[in-house]
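A.B. asks: task: produce atomic coordinates for the following.
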Amino acid sequence: MWSCSSTLCILILLISTLTTVSLSAVAPLKVNLHGSATLPCSGRCSGLVRWTVFSKPGDALAECDQTSCRSVKEGYQMIYDQYLKGNLSLIITDADFNKRNRYTCDCDGKDICDVHLQIEPLNTTVQIKPGEHLVLGLDASEEVEVLYSSARSSRSSSGQMCTVIIRSLQCKPEYEQRVLAALHLRNVTPSDSGVYTVMEARNEEVIHTYTVTVGSAGGGELKDEGVAIPVWATVLLVVQVAVIVGLAVKIVRLRRFMNDQKL
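C.D. replies: This next block holds a predicted model:
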């Protein structure tokens, strides 16, 4: 039977405990877009309690003391009656993609709670006629990436399609003449059918997934170059494409890691 000395066992236990604390220190909270989010925190504080964004410790969102609670920034609040009972939670009245972040609650400058707010990604199914424009909402004001996975295995062109930095487009050459200001893909054809994934670049989180089918008004078949594709086959391909999207995201992350290593 395996055994260890007292000193070694204590060291292993300490490392295990620290690792567990590190992994669970930032509690994740996932809510629906534009829903109300309550960032949980409980404890007693005789001084000033403040909520801030982790990266901006000096920029208070809401705060409480023994006399009252104040909303320092619009859309963030704490409830005084709850504060008196030890409930120090922060309420975000309208959680959008720009509010995804790590939030910290401190008592007189001492960190007591950390919560990572996440937004449930959106999923939209689009059926569009050939020749029309495909409009993809970007949903966030920061840098986003658009990944595309073709629904046609014979025309696989999966990978990063565009990068949008503060609404400034940087696209591959084959898309530059077809993409307009907010991401409008002009004059679509059946070969544009597939899954378009909008991913926030900084945290590499999926924001919105569009499953797009380009076909006739009847929607029964997709026709391109004389080849008819039944609806069931399209659905099967879309499921396969969803798997490819996950691989594409990993490829983007790997390329970014390799570029960082070169720097």
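
A.B. asks: quick check: which ranges of this protein have low pLDDT?
C.D. replies: For the chain, the stretches flagged by pLDDT under 70 are 1-25, 141, 153-157, 166-170, 176-182, 216-263.

A.B. asks: and the helices in it?
C.D. replies: 6-24, 80-84, 173-176, 231-262 (DSSP state H).

A.B. asks: in the second one, what's buried?
C.D. replies: Right, the one you point to is helix 80-84. For helix 80-84, a neighbour-count test (16 or more other Cβ atoms under 10 Å) marks residue 83 as buried. Any C-beta I mention is one placed from the backbone N, CA and C, and that applies to glycine too.

A.B. asks: just stretch 50-62 next, same as before
C.D. replies: Applying 16+ other Cβ under 10 Å to stretch 50-62 flags 50, 51, 52, 60, 61, 62 as buried.

A.B. asks: now, the most widely separated pair of those?
C.D. replies: Across these, the longest distance by Cβ to Cβ is 9.3 Å; it joins 52 and 62.

A.B. asks: how is this protein partitioned into domains?
C.D. replies: Taking automatic domain parsing as the criterion, the chain consists of the domains 26-119, 122-262.

A.B. asks: what's the span of the first one, first residue to last?
C.D. replies: From its first residue to its last, domain 26-119 covers 16 Å (Cα to Cα, to the nearest Å).

A.B. asks: quick check: residue 193 touching residue 150?
C.D. replies: Yes - counting by Cβ atoms under 8 Å, residue 150 is a contact partner of residue 193 at 7.4 Å.

A.B. asks: looking at the two, which is more packed in?
C.D. replies: Per other Cβ atoms under 10 Å, whichever of residue 193 and residue 150 has more neighbours is residue 193, with 26 against 19.

A.B. asks: phi, psi for the more buried one please.
C.D. replies: phi -60, psi 140 (degrees, to the nearest 10).

A.B. asks: what's the closest non-adjacent residue to it?
C.D. replies: residue 151 (4.3 Å; Cβ to Cβ, 6 or more residues apart in numbering).

A.B. asks: can you get me a residue count around the one you found?
C.D. replies: For residue 151, using other Cβ under 10 Å, the count is 26.

A.B. asks: quick one, strands of the stretch 1-150 of the chain?
C.D. replies: Secondary structure of the stretch 1-150 of the chain by DSSP state E, counting those that start in this stretch: the strands cover 27-31, 35-39, 49-53, 56-64, 69-71, 76-77, 90-95, 101-107, 110-119, 122-128, 134-135, 144-150.

A.B. asks: out of those strands, flag the one nearest residue 187.
C.D. replies: Per Cβ to Cβ, nearest to residue 187 of the strands of the stretch 1-150 of the chain: strand 134-135, 9.4 Å.

A.B. asks: what lines up beside that closest one in the sheet?
C.D. replies: strand 184-185 (antiparallel) (DSSP bridges).

A.B. asks: ends of stretch 72-80, how far apart?
C.D. replies: Termini of stretch 72-80 sit 14 Å apart (Cα to Cα).

A.B. asks: and stretch 195-208, by the same measure?
C.D. replies: Start-to-end, stretch 195-208 (Cα to Cα) is 10 Å.

A.B. asks: and that stretch, which residues are buried?
C.D. replies: Neighbour count says stretch 195-208 has 195, 196, 197, 198, 199, 200, 201, 206, 207, 208 buried, by 16+ other Cβ under 10 Å.

A.B. asks: ditto for stretch 68-76
C.D. replies: Those would be 69, 76, for stretch 68-76 by 16+ other Cβ under 10 Å.

A.B. asks: distance of residue 59 from residue 51?
C.D. replies: 10 Å (Cβ to Cβ, to the nearest Å).

A.B. asks: now residue 98
C.D. replies: Taking Cβ to Cβ, one finds residue 98 at 17 Å from residue 51.

A.B. asks: coming back round to it: and the buried residues of stretch 195-208, which two are furthest apart?
C.D. replies: 195 and 201 (18.3 Å).

A.B. asks: and the residue nearest to residue 193, its phi and psi?
C.D. replies: phi -90, psi 0.
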